[in-house]
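Trainee: mind folding the following:
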Amino acid sequence: MGTLRRVERFWTSRLRWRLRGAMQWPAFVVLTLLDGLVLDRFPPLGTTGFSFIPGVLIATFANLFLIGALAPFLARRLARRAQAEPAPAGATVPAQAELEVQRDRLATALLGIGLVACVVSGLANRPVIVSETKETENAANAVREFVGHLDNEELDRNLETANTVRFGEGIFRTCIARDDRRSFYCLKIDTNKKPTQVTRDPSGEPNSVISGP
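Mentor: Numbers count the residues shown, from 1 in each chain. Alright, predicted model coming up:
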């Protein structure tokens with residue numbers, strides 16, 4: 001009878017500890033979706049996001065690495081450190097169950113840290129995006145003003161065909177199609193200069209040829 005009670009206490013204790021360590025997979029699902037949303041809305045690199053589905057896929061592989069590799073590695077290191085210390089009196093928690101709980105909690109924490117890192121890197125990239133958008137707007141305004149001063153009806157008529165490509169920090173090239181749609185009037189824009197500098201580009205090659213496919 002005593003043996004039965006000890007076995008029952010053992011499994012009750014193990015089940016209780018396993019339930020304590022049952023957070024990583026729910027957290028994985030929720031935080032992976034949030035990661036995908038963050039990568040879509042706040043890209044850590046460049047000016048455009050990954051869109052939601054590709055962002056979720058990227059987050060899935062990254063989070064699986066955290067759960068499947070990094071968390072078990074850290075849990076084993078902590079377990080070895082704990083084994084080197086004397087166990088407290090009356091400890092009844094199975095070592096394997098304690099390791100599983102430790103691994104689960106570490107995995108959940110790492111998933112949370114990963115989400116925070118995505119948010120921080122995305123927010124840090126926002127000033128770059130705003131800056132590039134402002135430069136593009138400045139370039140477009142400079143082109144409209146330049147063309148307006150030319151008093152050229154053909155260019156005025158086709159200003160809506162203007163195609164702009166960014167070639168460097170504050171450097172743009174804009175081409176406006178002429179009436180035949182086979183020749184172009186091209187301009188070089190430097191928003192680094194104050195005021196923005198606009199000059200005629202002797203080459204009439206469209207941006208699709210200059211910048212490549």
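Trainee: contacts, neighbours, all on C-alpha from now
Mentor: Will do.
Trainee: walk me through the domains of the protein.
Mentor: 2-85+93-127, 151-210 (automatic domain parsing).
Trainee: for His46, give me the pLDDT.
Mentor: You called it His, but residue 46 is Gly. pLDDT, Gly46: 60.
Trainee: just put the domains of the chain in CSV and tack on mean neighbour count and distance to Glu137.
Mentor: CSV is the format used below for these (neighbours: other C-alpha atoms under 10 Å; distance: least, C-alpha to C-alpha, whole Å):
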stretch, mean neighbour count, distance to Glu137
domain 2-85+93-127, 17, 15
domain 151-210, 16, 10
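Trainee: Asn138 is nearest to which of these?
Mentor: Across the domains of the chain, Asn138 has its closest neighbour in domain 151-210 (6.9 Å, C-alpha to C-alpha).
Trainee: so how far is that closest one off the chain centroid?
Mentor: The chain centre lies 32 Å from the centre of domain 151-210; the measure is C-alpha atoms, centre = their mean, to the nearest Å.
Trainee: against Arg144, how distant is Asp179?
Mentor: Noted for Asp179: a distance of 18 Å to Arg144, by C-alpha to C-alpha, to the nearest Å.
Trainee: please enumerate the helices of the chain.
Mentor: Applying DSSP state H to the chain gives helices spanning 2-20, 24-41, 52-65, 71-83, 95-150, 153-157, 207-210.
Trainee: minimum distance to Lys188: which of these has it?
Mentor: Among the helices of the chain, helix 95-150 sits nearest to Lys188 (C-alpha to C-alpha), with 9.1 Å.
Trainee: and that closest one, what does it pack onto?
Mentor: helix 2-20, helix 24-41, helix 71-83, helix 153-157, strand 184-190, strand 197-200 (3 or more C-alpha pairs under 8 Å, 6 or more residues apart in numbering; DSSP states H and E).
Trainee: which of these comes out lowest on mean pLDDT?
Mentor: helix 2-20 (a mean of 50).
Trainee: how about residues contacting stretch 69-84?
Mentor: Leu99, Gln102, Arg103, Asp104, Leu106, Ala107, Leu110 (C-alpha atoms under 8 Å, 6 or more residues apart in numbering).
Trainee: switch the cut-off to 6 Å
Mentor: Here stretch 69-84 makes contact (C-alpha atoms under 6 Å, 6 or more residues apart in numbering) with Gln102, Arg103, Leu106, Ala107.
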